[in-house]
Structure formats: structure tokens, C-alpha cells
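[1] Build me a model:
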Amino acid sequence: MVCGGFICTKNSLCALNILYVLVSLLLIGVAAWGKWFGLVSSIRVVAGIIGVGIFLFLVAFVGLCGAMKHHQVLLFFYIIILFLVFVVQFSVSCACLTLNKDQQDHLLEVGWNKSEATQKDIEKTLNCCGFYHVNYNGSCAASCFSHKPSPSCESCSTIIQAYTGKVLQNVGGIGLFFSFTEILGVWLGYRYRNLKDPRSNPGAFL
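    The predicted model follows:
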């Protein structure tokens with residue numbers, strides 16, 4: 001049977017959703033690992049990553065069940081949800097690739113001021129203090145701040161901005177790649193949903 005028939009389309013859709021299951025488990029595992037070893041102390045960040053992983057797992061599970069059973073309703077909802085995810089992810093990926101330096105700095109500052117736990121994580125990981133300026137009369141989680149009697153630390157914005165452009169390009173590129181796999185999943189789901197099962201009664205097709 002040529003690729004494009006019922007069995008080949010079914011196997012391709014199953015393989016794609018198995019890939020999504022593996023990615024979702026990886027997201028959940030990395031978030032849990034980071035929290036367990038104290039690499040990330042912000043509950044919001046960990047919960048957000050785990051939430052994305054669970055959502056992706058549920059979508060992949062629906063698609064896998066729909067593909068295995070050729071279930072019309074499950075495939076319909078799978079196509080709709082995956083298309084919506086594609087639109088959101090494609091938009092975010094394009095935004096990551098088109099942000100200029102001023103927009104990047106503004107988003108970084110907003111993110112920095114939003115959570116003290118995230119600030120401490122960044123200071124500890126990058127060994128820096130403060131966003132734009134180092135306040136030696138305050139507190140800082142970086143190891144450089146504990147050097148007595150004259151601590152010497154660099155502001156976090158200087159370190160972060162050196163890698164922001166490259167990170168956004170990588171995130172945008174990876175996001176675009178997965179967004180195209182999602183539109184592939186939409187196409188496979190739509191095609192598979194409208195194919196007749198050669199093993200069933202030819203007259204019994206919904």
C-alpha cells in the first residue's frame with residue numbers, strides 16, 4: 001500500500017503523537033528535576049512548564065486514541081485543538097524572531113520585576129546582582145556578593161542581554177519547527193478522518 005493510504009496515514013499520525021507524548025514527559029521531567037535539585041525555586045515557573053507538559057500529553061493522548069480507533073469525534077476535537085495550538089505557537093515563535101533590542105530589554109525588565117523568586121534564581125545561576133544596578137547595601141543570592149570586605153558583582157542585565165538575542169532565535173526556531181509538525185498533525189488527522197477503513201464494511205462509514 002502506498003504511503004497516503006489508510007494504514008500509512010494511521011501509522012504516521014500515531015508516530016507523531018508518540019513524539020508529542022515523549023516531549024510532554026520530557027517537559028514534566030525537566031521541571032520536576034529542576035525543582036527537586038533546587039535549580040528553580042519559583043513555583044509559577046515549574047507549574048507553568050508542568051502545565052504545558054500535561055496539556056501536550058492530553059492532546060497527544062486524544063490524537064493517539066483517535067488514530068488507533070479511527071474515532072471520528074476524538075479526531076475532530078484533536079484537529080481543532082491542534083490547529084489552535086499551531087496558531088498560538090506560530091505567532092509566539094514569529095514574535096521571538098522579530099523582537100528588537102528595546103523590546104527585548106522591556107520584556108526582560110517586566111519579567112525581572114514580576115517575581116522575587118525568579119530574581120534569586122537568576123542571581124544565583126548567573127552570579128550577578130540587580131537588574132541594571134548592583135545595590136551593595138541590599139541583599140543578593142549570588143556568590144560574588146558574599147566576597148568580603150569588597151564584593152564585586154556585575155548587573156544581571158549585562159549578562160542576560162548578551163545571550164537574549166541568541167536564545168530568542170533558538171526558541172523561535174524550535175517553536176517554528178514544532179508548529180510545522182502541528183500543522184502536519186492537523187493535515188494527517190483531517191485526511192485520516194475522511195479515509196475509509198478497508199477492513200470495515202464499505203457501507204458503514206460515518
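[2] CA atoms for contacts and neighbours, from now on please.
    Noted.
[3] With only the CA atoms kept, save stretch 177-187 in PDB.
    Extracted in PDB, the C-alpha atoms of stretch 177-187 (Å, rounded to 0.1, in the frame of the first residue of the first chain):
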ATOM      1  CA  PHE A 177       9.800  23.600  13.800                       C
ATOM      2  CA  PHE A 178       7.200  22.200  16.200                       C
ATOM      3  CA  SER A 179       4.500  24.500  14.800                       C
ATOM      4  CA  PHE A 180       5.000  22.900  11.400                       C
ATOM      5  CA  THR A 181       4.800  19.400  12.900                       C
ATOM      6  CA  GLU A 182       1.400  20.500  14.400                       C
ATOM      7  CA  ILE A 183       0.100  21.600  11.100                       C
ATOM      8  CA  LEU A 184       1.300  18.300   9.800                       C
ATOM      9  CA  GLY A 185      -0.700  16.600  12.500                       C
ATOM     10  CA  VAL A 186      -3.800  18.700  11.600                       C
ATOM     11  CA  TRP A 187      -3.400  17.600   7.900                       C
END
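[4] mean confidence score for that stretch?
    Mean pLDDT, computed over stretch 177-187, is 91.
[5] Now do the same contact list for the residue nearest the centre of the chain.
    The residue lying closest to the centre of the chain (C-alpha atoms, centre = their mean) is V52, at 6.7 Å. Residues in contact with V52, defined by C-alpha atoms under 8 Å, 6 or more residues apart in numbering, are 24, 27.
[6] Next: C128.
    Per C-alpha under 8 Å, 6+ apart, neighbours of C128: 122, 142, 144, 153-156, 159.
[7] can you put those in CSV and add distance to F77 and neighbour count?
    Converted to CSV, those look like this (distance: C-alpha to C-alpha, whole Å; neighbours: other C-alpha atoms under 10 Å):
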residue, distance to F77, neighbour count
I122, 40, 22
A142, 48, 20
C144, 53, 18
C153, 53, 21
E154, 50, 19
S155, 48, 18
C156, 44, 21
I159, 44, 14
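[8] still on that earlier bit, could you report the pLDDT at the residue nearest to the centre of the chain?
    88.
[9] distance of V73 from I80?
    With distances taken as C-alpha to C-alpha, to the nearest Å, V73 is found 11 Å from I80.
[10] going on from the helix or strand encompassing G48, what's the next piece of helix or strand?
    Element membership for G48 (DSSP states H and E) is helix 43-69. Once helix 43-69 ends, the next helix or strand along the chain (criterion: DSSP H and E) is helix 72-98.
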